[in-house]
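Q: only geometry, no sequence info:
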């Protein structure tokens, strides 16, 4: 049975509260668009799998007028990592025991003028303890003002905690959210950080600031663009871009690999895939 300690429980409580705030805001946007769409929540339990250890999570999905498909998942899992995979996880080489809790969000939008988005923050404990995560904006039809507004919110969150964070973490996002076999970036970036360890309180405060920055940045962009007219060519461009997004998540994304290697829920892990895509 997975029994989190005080730090682990605090992180889990925050991720669950952030999920509730995000889902409420996204449902409010659907109401503003004249839709009654709401999230459907499906709990899952790793203990249903005899090969897995304890824990589980809740997968939240909404399909509406503005959000063609959005998933907001929270998971809290623990146990022992498998041999070779354990060696790839920070602090797990000597002792495979781990605990992980986090929130993961991906939104694919109905209107190609509204950017898709990804956000994830997490806390992991092995022989070391650290936070990681970030957010990145993925517009099929980029607008410089939207990209600048998104980055500005995350820069403010970074600057409030460490003057070097934004330069480091925005560069990390640029390098990470890149599709090598296509030679293109997945979107217009954001921030990405990992293995933020040492001072739990300071790192937890920064991770909370990242979640708050997402709520400050993204819904306002959605509201600005969601009623903008679009044509068939623009929709086709969005669907082709979604194919690139799917390729990244299936081939390169660390979160996808971690979920699959640790007995996660397949539907929750692959909720990041778009509902429609084309490879012309």
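A: Looks like it came in fine. The model shown is predicted, which means the values in this text are computed figures rather than measured ones.
Q: mind listing what's buried in stretch 153-169?
A: Across stretch 153-169, burial judged by 16 or more other Cβ atoms under 10 Å covers 153, 154, 155, 157, 158, 161, 165, 166, 169. Bear in mind the C-beta positions are built from the backbone N, C-alpha and C, glycine included.
Q: what mean pLDDT does whatever helix or strand residue 223 lives in have?
A: Secondary-structure assignment from DSSP states H and E places residue 223 in helix 200-225. For helix 200-225, mean pLDDT is 98.
Q: buried ones in the following helix or strand past that helix?
A: Later in the chain than helix 200-225, the nearest helix or strand by DSSP H and E is helix 232-251. Buried residues in helix 232-251, counted by 16+ other Cβ under 10 Å: 234-235, 237-239, 241-242, 244-249.
Q: which sections of the protein are below the confidence cut-off?
A: 1-4, 47-53 (pLDDT under 70).
Q: mind redoing it with 80?
A: 1-4, 46-54, 81-88, 91-95, 258-259, 261-265 (pLDDT under 80).
Q: quick one: the helices in it?
A: Assigned by DSSP state H, the chain shows helices spanning 6-32, 83-86, 144-159, 165-176, 200-225, 232-251, 254-261, 266-269.
Q: Could you list every helix and strand in contact with the fifth one?
A: Spelled out, that is helix 200-225. Helix 200-225 is packed against helix 6-32, strand 97-109, strand 116-125, strand 129-138, helix 144-159, strand 189-197, with contacts defined by 3 or more Cβ pairs under 8 Å, 6 or more residues apart in numbering; DSSP states H and E.
Q: Of all these, which one is nearest residue 66?
A: Closest to residue 66 of the helices and strands packed on helix 200-225 is helix 6-32 (Cβ to Cβ; 5.5 Å).
Q: Quick one, which of the helices of the chain gets closest to residue 125.
A: Closest to residue 125 of these, according to Cβ to Cβ: helix 6-32, at 6.3 Å.
Q: what about residue 280, how many neighbours?
A: 6 (other Cβ atoms under 10 Å).
Q: my guess is it contacts residue 240, does it?
A: Yes. Look at residue 280 against residue 240 with Cβ atoms under 8 Å: they come within range, at 6.0 Å.
Q: mind checking how far the nearest residue to residue 95 once chain neighbours are set aside is from residue 254?
A: With Cβ to Cβ, 6 or more residues apart in numbering as the criterion, residue 95 has its nearest non-adjacent residue at 5.3 Å, and that residue is residue 127. Distance, residue 127 to residue 254, by Cβ to Cβ, to the nearest Å: 19 Å.
Q: just residue 79 next, same as before
A: Taking Cβ to Cβ, one finds residue 79 at 19 Å from residue 254.
Q: Neighbour count for the two, which is higher?
A: When residue 79 and residue 254 are compared for neighbours, residue 79 comes out ahead with 18 against 13, by other Cβ under 10 Å.
Q: Quick one: neighbours of the closest residue to residue 43 other than its chain neighbours, just the number.
A: Among residues not flanking residue 43 along the chain, residue 58 sits closest, at 5.1 Å (Cβ to Cβ, 6+ apart). Residues contacting residue 58 under the criterion other Cβ under 10 Å number 18.
Q: ditto for residue 259
A: By the criterion of other Cβ under 10 Å, residue 259 has 22 neighbours.
Q: Check whether it really touches residue 271, as I assumed.
A: No. Using Cβ under 8 Å, residue 259 makes no contact with residue 271, being 10.3 Å away.
Q: got the contact list for residue 42?
A: Residue 42 makes contact with 58, 59, 60, 61, 267, according to Cβ atoms under 8 Å, 6 or more residues apart in numbering.
Q: Return the residues in contact with the closest residue to the second one other than its chain neighbours.
A: Take residue 59 and drop its neighbours on the chain: the residue closest to it by Cβ to Cβ, 6+ apart is residue 268, 4.2 Å away. Contacts for residue 268 (Cβ under 8 Å, 6+ apart) come out as 44, 57, 59, 71, 73, 75, 104, 259.
Q: Perfect, I'm done here.
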